[in-house]
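A.B. asks: quick one: sequence plus predicted model below, questions after.
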Amino acid sequence: MQPRLSSSRKWTDLPKELTQQIRSVFKQNFKEQVGKGVVEADGKIFPEEILIRVGYRQEKVLKQINWDISIEYKRSKDNVLKLLHMAIDAAAALFEQAFSAEDDGDFPRKWEEVDFEGRKIYVQYSTVNSKLESEADKILGEAGSEGLAGGDWDEDEGVDPEDIKKQLGVDDDDGDLPDDGEGH
């Protein structure tokens, strides 16, 4: 999963609890379409970009349909958790389209700007199999360490992973996100 912004070189992975919650919500909301298939969810928070991927792979099939959503934000102005929820809602709307489409020929393979709930977001479609990509990274030794943040964090840029964690309300001890009452 590649970021849209060229400045997005350092990141914090979405908390595992959140990606599990996303998978669970998609399995429940698309129960009929998903069946025994697998829902994948992943994401990264960069200093100026939120990037999530939600994918679906049928049982015993290599091809996985994915929607990547990128939202640019300003740390001093935007609520990161609300933007994450917006990205998840956008992914759900895109999945509705994907499940009702006859084929995926019209889906954007490169980042495409879309107005969603009054905000400019970017979406792209891919058929990358997340499980195979992850296994290949492990074999090639490219899998990141189990640390909370990745990329090249430059002390001079004024942003660190701790600031991003504070914005999300994530605590190193439990990794839980605050409940916003919206069921996301």
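C.D. replies: Perfect, I can see it now. Numbering: from 1, shown residues only.

A.B. asks: CA atoms of whichever strand or helix holds Y56 as CSV?
C.D. replies: Following DSSP states H and E, one finds Y56 within strand 49-57. This file holds the C-alpha atoms of strand 49-57, laid out as CSV (Å, rounded to 0.1, in the frame of the first residue of the first chain):
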residue,chain,number,x,y,z
GLU,A,49,-2.2,11.9,5.1
ILE,A,50,-4.5,9.2,6.3
LEU,A,51,-4.3,6.0,4.2
ILE,A,52,-6.5,3.0,4.6
ARG,A,53,-7.1,-0.1,2.5
VAL,A,54,-10.1,-2.4,2.8
GLY,A,55,-10.0,-5.6,0.7
TYR,A,56,-12.1,-8.7,0.0
ARG,A,57,-10.9,-12.0,-1.2
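
A.B. asks: which helices and strands does that strand pack with?
C.D. replies: Under the contact criterion of 3 or more C-beta pairs under 8 Å, 6 or more residues apart in numbering; DSSP states H and E, strand 49-57 touches helix 16-29, strand 38-45, strand 64-72, helix 80-100, helix 130-140. For glycine as for every other residue, the C-beta is placed from the backbone atoms N, C-alpha and C.

A.B. asks: other SSEs contacting the longest one?
C.D. replies: Using 3+ C-beta pairs under 8 Å, 6+ apart as the contact test, the elements touching helix 80-100 are helix 16-29, strand 38-45, strand 49-57, strand 64-72, strand 112-116, strand 119-126, helix 161-168.

A.B. asks: off-centre distance for that helix?
C.D. replies: Put simply, helix 80-100 sits 10 Å off its chain's centre (C-alpha atoms, centre = their mean, to the nearest Å).

A.B. asks: what angle do that helix and strand 64-72 make?
C.D. replies: Note on geometry: by axes from the mean of the first three to the mean of the last three C-alpha atoms, to 10 degrees, helix 80-100 and strand 64-72 are set 150 degrees apart in direction.

A.B. asks: what comes into contact with helix 80-100?
C.D. replies: Identification of contacts with helix 80-100 by C-beta atoms under 8 Å, 6 or more residues apart in numbering yields 14, 18, 22, 25-26, 29-30, 33, 43, 45, 50, 52, 54, 56, 65, 67, 69, 71, 73, 104, 107, 114, 116-117, 119, 121, 123, 125, 164, 167-169, 177-178, 180, 182, 184.
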